[in-house]
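> sequence and predicted structure are below.
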Amino acid sequence: MVERTLVLVKPDGVRRGLVGEIISRFERLGMKIVSMKSMVMSRELAEEHYIEHKGKPFYAELVDFITSGMIVAMVLEGESAVEIVRKVMGATDSRLAEPGTIRGDYAVGISQNLVHGSDSLESADRELRLFFPELYEEKR
């Protein structure tokens, strides 16, 4: 089934010049970039993006980090996009990420792990509406 998912190259990935490498990994697997933009995420957007973690001890750190610099936000589309993107990214904790995954090859920890990808179709729908509302406004 063709799906859409959100991918964010986080501030550490942008600062380290890994945007092209990250994008090429997804493209080589047949993922199509539907839309893409670079931005500095507002605190309000970050808090909404990470709402499921609100109240957890690491919530403030997540919000502070994701708003600390430029990110690249992408809508990727392809067969089983959510699952494929998650596999290509690797485990959240880079120490557990397999070699050959983005995090396994380049990440330096659990908080600075280069990329975010939606973890389900439901999350993808919610996150895509947050970052790319214009894609949903056109359909009305």
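Right, received. Where do you want to start?

> in the chain, which spans are strands?
Assigned by DSSP state E, the chain shows strands spanning 2-9, 32-40, 70-79, 115-117.

> closest one to residue 99 among those?
Minimum separation from residue 99 across those (C-beta to C-beta) falls at strand 115-117, 16.1 Å. Yep, even glycine has a C-beta here, placed from its N, CA and C like the rest.

> from the strands of the chain, which stretch is densest packed?
Neighbour counts (mean count of other C-beta atoms under 10 Å) averaged over each of those peak at strand 115-117, with a mean of 24.

> ok, and what's touching it?
In this structure, residues lying in contact with strand 115-117 by C-beta atoms under 8 Å, 6 or more residues apart in numbering are 5-10, 13, 22, 66, 82, 85-86, 89, 102-103.

> name every strand pairing with it and say which way it goes.
strand 2-9 (antiparallel) (DSSP bridges).

> that older thread, and which of the contacts of strand 115-117 is nearest residue 35?
Set against residue 35, the nearest of these by C-beta to C-beta is residue 6 (10.2 Å).

> one step back: out of the strands of the chain, which comes closest to residue 123?
Closest to residue 123 of the strands of the chain is strand 2-9 (C-beta to C-beta; 8.1 Å).

> angle of that closest one against strand 70-79?
Interaxial angle of strand 2-9 relative to strand 70-79 (axes from the mean of the first three to the mean of the last three C-alpha atoms, to 10 degrees): 160 degrees.

> which residues are contacting strand 2-9?
Contacts of strand 2-9 (C-beta under 8 Å, 6+ apart): 18-19, 22-23, 26, 34, 66, 71-82, 85, 114-118, 121, 124, 127-128, 131-132.

> same thing but at 7 Å, please
Contact with strand 2-9 is made by 19, 22, 26, 34, 71-82, 85, 114-118, 121, 124, 127-128, 131, as judged by C-beta atoms under 7 Å, 6 or more residues apart in numbering.
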